[in-house]
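Participant: From the sequence below, what's the structure:
(one chain, ligands or ions: 2)
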Amino acid sequence: MAAHECTRCGACCVAPDISSLGKALGVRCPNLTEENLCRVYDDRPAVCRSYGADQLCEDIAAPTLEERVEKYLKVFGLGVERGAAKAT
Ligand code: SF4
Ligand code: SF4
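Facilitator: Ligands and ions are numbered 1, 2, ... in the order given. Model (predicted):
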């Protein structure tokens, strides 16, 4: 069975909220480089360690990161108002 490969599309480091990082929904993780690599890869939180490429990566494929993030959030029934994401 062919394994899913991470294409470094960036969506999983932008779309989900990650409480251990204080990261809100739809906000780019500050540890994500412009090349969509993790700057703290060796020290990334457990939630990031346990995340791997799967079918979802194919399902949310789209030309732009913004579209991929929107699709990712839609899959999980989550939404973020554009420009409205902020810490409360
Ligand atoms: S959503 Fe999938 S392909 Fe995109 S960066 Fe994350 S693991 Fe890689
Ligand atoms: S810590 Fe690294 S792997 Fe985790 S969301 Fe941020 S950039 Fe992605």
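Participant: Test my guess that His4 contacts Asp59.
Facilitator: No - His4 is not in contact with Asp59 according to C-beta atoms under 8 Å; the separation is 10.5 Å. C-beta: built from backbone N, CA, C; applies to glycine.
Participant: what about Cys57, how many neighbours?
Facilitator: 18 (other C-beta atoms under 10 Å).
Participant: Phi first, then psi, for it.
Facilitator: phi -60, psi -40 (degrees, to the nearest 10).
Participant: List the contacts of it.
Facilitator: 4, 6-7, 9, 11-12 (C-beta atoms under 8 Å, 6 or more residues apart in numbering).
Participant: Tell me the confidence at Cys6?
Facilitator: Note for Cys6: predicted pLDDT of 95.
Participant: Which residues of the chain lie near ligand 2?
Facilitator: 13, 18, 21, 29, 31-32, 38, 40, 44, 48 (C-beta under 6 Å from any ligand atom).
Participant: Tell me the one of those residues nearest ligand 1?
Facilitator: Cys13 (6.4 Å; C-beta to the nearest ligand atom).
Participant: Give me the pLDDT value at the closest one.
Facilitator: 98.
Participant: Check the burial of it by counting its neighbours.
Facilitator: Cys13 has 25 nearby residues by other C-beta under 10 Å.
Participant: Next: the one 10 residues further on.
Facilitator: A count of neighbours around Lys23, defined by other C-beta under 10 Å, yields 21.
Participant: Apart from its neighbours in sequence, what residue is nearest it?
Facilitator: Nearest residue to Lys23, sequence neighbours excluded (C-beta to C-beta, 6 or more residues apart in numbering): Cys29, at 5.5 Å.
Participant: Let's see the pLDDT reported for that neighbour.
Facilitator: For Cys29, pLDDT reads 98.
Participant: Equivalent analysis for Ala3, please.
Facilitator: Looking at Ala3, its pLDDT is 85.
Participant: So what's the residue count around it?
Facilitator: Around Ala3 there are 7 residues (other C-beta under 10 Å).
Participant: where's it relative to Cys9, distance?
Facilitator: To Cys9, Ala3 is 16 Å away according to C-beta to C-beta, to the nearest Å.
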